[in-house]
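K.L.:
Generate coordinates for the sequence data below:
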Amino acid sequence: MPAKTKNIPGNKLDEDEQKHLKTAARSAYSRQRESAVGVIENEQITELLPMVHKIVQRVVTYLAPPLSYDDLVSAGAVGLVKAARDYDPSHQAEFKTYAYIRIKGAILDELRGWSFVPANVDKQIHRTLQVSMELTEQTGSAPTDEELAEKLEITVAQLYETFKNARAKHFVSIDNSSEDCPSLISSLAAVNTATSGQQLEQDELVEKLTEAIQQLNERQRQIILLYYQQQLTMKQIAEIFNITEPRVSQLHASALFNLSVKLKRWKDG
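P.N.:
From the prediction side, this is the model:
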């Protein structure tokens, strides 16, 4: 059985957490050492272990049984060791940058493998999206959570659960990217910056995303910008607004759902 989900630690690693990360890295290294040919020393790997912890913190909102925080740390440690094995300094990229990409990829791969959504839940997500788009078309603005829940004939708490499931289902498009779906995080990083060197489609996406974010209510807009632009954790955002971390997660999921509705309407013309 997977380990029970532990409490999410703060930004600073205590002694026990450092030992745990080192143990995970050594375990990963033992599985990879036969093919290890890189130039990265063990000390360099150990120095970057806190990066694994930091990346896991940023995606921990997508955790779902049977995954745990420790499962993702272990996956990230494997990604770090593989990065050390495969790193080629001739490519002129710093190892830290290369390792970050490999660690994050390994963690997202682990999540992707467990991102199964039951048919009834998937049906509810699609219905919520459809009703939200219909209400937006009728009124010219996105419905509030209360209005949407009433139209769906469910409670607001049930609606937030749908938002949460939708976020988990589409986490790859949120924190990762592909040719067909640029990541939200990379698009937000480009907001308010020069985009003359980018392709027209990317420029238009950034423009529409910026417009959609501006149409969110103030609290949701602040949470999106703090989380994706300022790279704050849910816990840090909760402290800023003096609200609970689960409430931040609810507002984050609701904001992402609203953004997806707006961008889908734009994509569909």
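K.L.:
Could you list the low-pLDDT ranges of this protein?
P.N.:
Counting by pLDDT under 70, the chain has low-confidence residues at 1-40, 61-66, 92, 115-116, 170-203, 205, 269.
K.L.:
can you map out the helices along it?
P.N.:
15-32, 42-47, 49-59, 69-86, 95-112, 119-139, 145-152, 156-169, 171-175, 184-190, 200-214, 218-224, 234-241, 245-267 (DSSP state H).
K.L.:
what helices or strands is the fourth one leaning on?
P.N.:
With contacts defined as 3 or more Cβ pairs under 8 Å, 6 or more residues apart in numbering; DSSP states H and E, helix 69-86 has these neighbours: helix 15-32, helix 42-47, helix 49-59, helix 95-112. Any C-beta I mention is one placed from the backbone N, CA and C, and that applies to glycine too.
K.L.:
Just the buried positions in the last one, please.
P.N.:
The one in question is helix 95-112. Burial within helix 95-112, assessed by neighbour count using 16 or more other Cβ atoms under 10 Å, is assigned to 95, 98-100, 102-108, 110-111.
K.L.:
Which of the helices of the chain has the highest mean neighbour count?
P.N.:
helix 69-86 (a mean of 23; mean count of other Cβ atoms under 10 Å).
K.L.:
how about the closest residue to K262 other than its chain neighbours, what does it touch?
P.N.:
Leaving aside its chain neighbours, K262 sits nearest to A212 (4.0 Å; criterion: Cβ to Cβ, 6 or more residues apart in numbering). Applying Cβ atoms under 8 Å, 6 or more residues apart in numbering to A212 gives the contacts N258, L259, K262, L263, W266.
K.L.:
Swap in 7 Å and give it another go.
P.N.:
L259, K262, L263 (Cβ atoms under 7 Å, 6 or more residues apart in numbering).
K.L.:
I'd like to know which of those is nearest to H126.
P.N.:
Closest to H126 out of these is L263 (16.0 Å), distances taken as Cβ to Cβ.
K.L.:
do you know how far R85 is from L48?
P.N.:
R85 sits 14 Å away from L48, going by Cβ to Cβ, to the nearest Å.
K.L.:
now Y100
P.N.:
Taken as Cβ to Cβ, the span from Y100 to L48 is 8 Å.
K.L.:
Same check on I125?
P.N.:
From I125 across to L48, the span is 37 Å (Cβ to Cβ).
K.L.:
do the same with L111
P.N.:
According to Cβ to Cβ, L111 stands 21 Å off from L48.
K.L.:
I243 now?
P.N.:
Separation of I243 from L48 (Cβ to Cβ): 33 Å.
K.L.:
of these two, who's got more company?
P.N.:
More crowded of I243 and L48, by other Cβ atoms under 10 Å: L48, with 19 against 15.
K.L.:
Go ahead and confirm the more buried one touches Y98.
P.N.:
No: using Cβ atoms under 7 Å, L48 is not in contact with Y98, being 10.5 Å away.
K.L.:
Burial check on L232, number of neighbours?
P.N.:
The tally of other residues near L232 (other Cβ under 10 Å) stands at 18.
K.L.:
what's it in contact with, if anything?
P.N.:
Applying Cβ under 7 Å, 6+ apart, we find L232 in contact with L226.
K.L.:
So it versus P89, what's the distance?
P.N.:
For L232, the distance to P89 - Cβ to Cβ - is 33 Å.
K.L.:
can I get the CA coordinates of stretch 67-75 in CSV?
P.N.:
Presented in CSV, the C-alpha positions along stretch 67-75 are these (Å, rounded to 0.1, in the frame of the first residue of the first chain):
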residue,chain,number,x,y,z
LEU,A,67,-0.9,8.7,-4.4
SER,A,68,0.7,10.5,-1.5
TYR,A,69,3.2,13.3,-1.0
ASP,A,70,6.0,10.8,-0.5
ASP,A,71,5.1,9.1,-3.8
LEU,A,72,5.7,12.3,-5.7
VAL,A,73,8.9,13.0,-3.8
SER,A,74,10.2,9.6,-4.8
ALA,A,75,9.2,10.2,-8.4
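K.L.:
Count the neighbours of S141 for me.
P.N.:
So S141, with other Cβ under 10 Å, has 9 neighbours.
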